[in-house]
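> based on what follows, work out the 3D shape:
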Amino acid sequence: MICLKTCSALLLAAVCCIAACEPAPKPAAASTTPEIRCYAQRSGENLSALQMTILGDSVHGYIAQEIAGGGGARGSFTGKITGNFVTADYVFALNGEVQTHEAVFKIEGAQLFQGAGSMILENGKMMLRDKANLQWMGPLLQTPCQSVEDAIDRARQTARSIRKSG
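This next block holds a predicted model:
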């Protein structure tokens, strides 16, 4: 009888030790699959198109602002997404000149707005002076990426050319 009590106590202690040694469940891993979204606004033959790739809190993409009859700005951006706001460095070519601007976007459902305001030059980059009081331009509407594929390809080519020359 003593052996049975002692063996039961030892068995219970062993089960408790084994249970205590089990690894804690791992938290859900952050998504490693990027989310790709496209937005566009058309006005007559003019087009503003943006493609963004979101992975965690990082975002990058391409912007094409195409004006009927030629011209416009094309380039790429890289930044962070916090909630429904994207803050990024936008490097683009406009009339043969390469520029870098700070860009802020606000996402509301299927709409994307770009923040506009007074800018100042800091370390070779145009920075928004007062991000707390931006005027929101747009909206660009979320659209299937195939519908802006050509414009985004042109922005991608421009971004490659900028990187090669810089």
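
> OK, contacts around the residue nearest the centre of the chain?
Geometric centre of the chain, nearest residue: Val59, 2.3 Å, by CA atoms, centre = their mean. Residues near Val59 by CB atoms under 8 Å, 6 or more residues apart in numbering: Met52, Thr53, Phe77, Thr78, Gly79, Lys80, Ile81, Val86, Ala88. In this view, the C-beta of every residue, glycine as well, is placed from N, C-alpha and C.

> tell me the SS of the residue nearest to Trp136 when sequence neighbours are not counted?
Counting by CB to CB, 6 or more residues apart in numbering, Trp136 lies nearest to Phe113, which is 4.0 Å off, once chain neighbours are set aside. Three-state call for Phe113 (DSSP: H, G, I helix; E, B strand; the rest coil): strand.

> does Phe113 touch Lys106 like I think?
Yes: shown here, Phe113 and Lys106 form a contact pair, counting by CB atoms under 8 Å, at 4.6 Å.

> so which residues of this structure form helices?
For the chain, the helices defined by DSSP state H cover 2-21, 149-165.

> circling back to that earlier point, identify the bridge partners of the residue nearest to the centre of the chain.
Counting by DSSP bridges, Val59 is bridged to Ile54, Gly79.

> repeat that for the one 4 residues further on.
With beta bridges defined as DSSP bridges, Ile63 has these partners: Leu50, Gly75.

> point out where the chain drops to low pLDDT.
Scanning the chain for pLDDT under 70 picks out 1-31, 166.

> redo that, cut-off 50
The chain contains residues with pLDDT under 50 at 1-28.

> wait, isn't Asp89 in contact with Lys125?
Yes: counting by CB under 8 Å, Lys125 is a contact partner of Asp89 at 6.9 Å.

> who touches both of those two?
Common neighbours of Asp89 and Lys125 (CB under 8 Å, 6+ apart) are Thr100, His101, Glu102.

> I appreciate the help and will end here.
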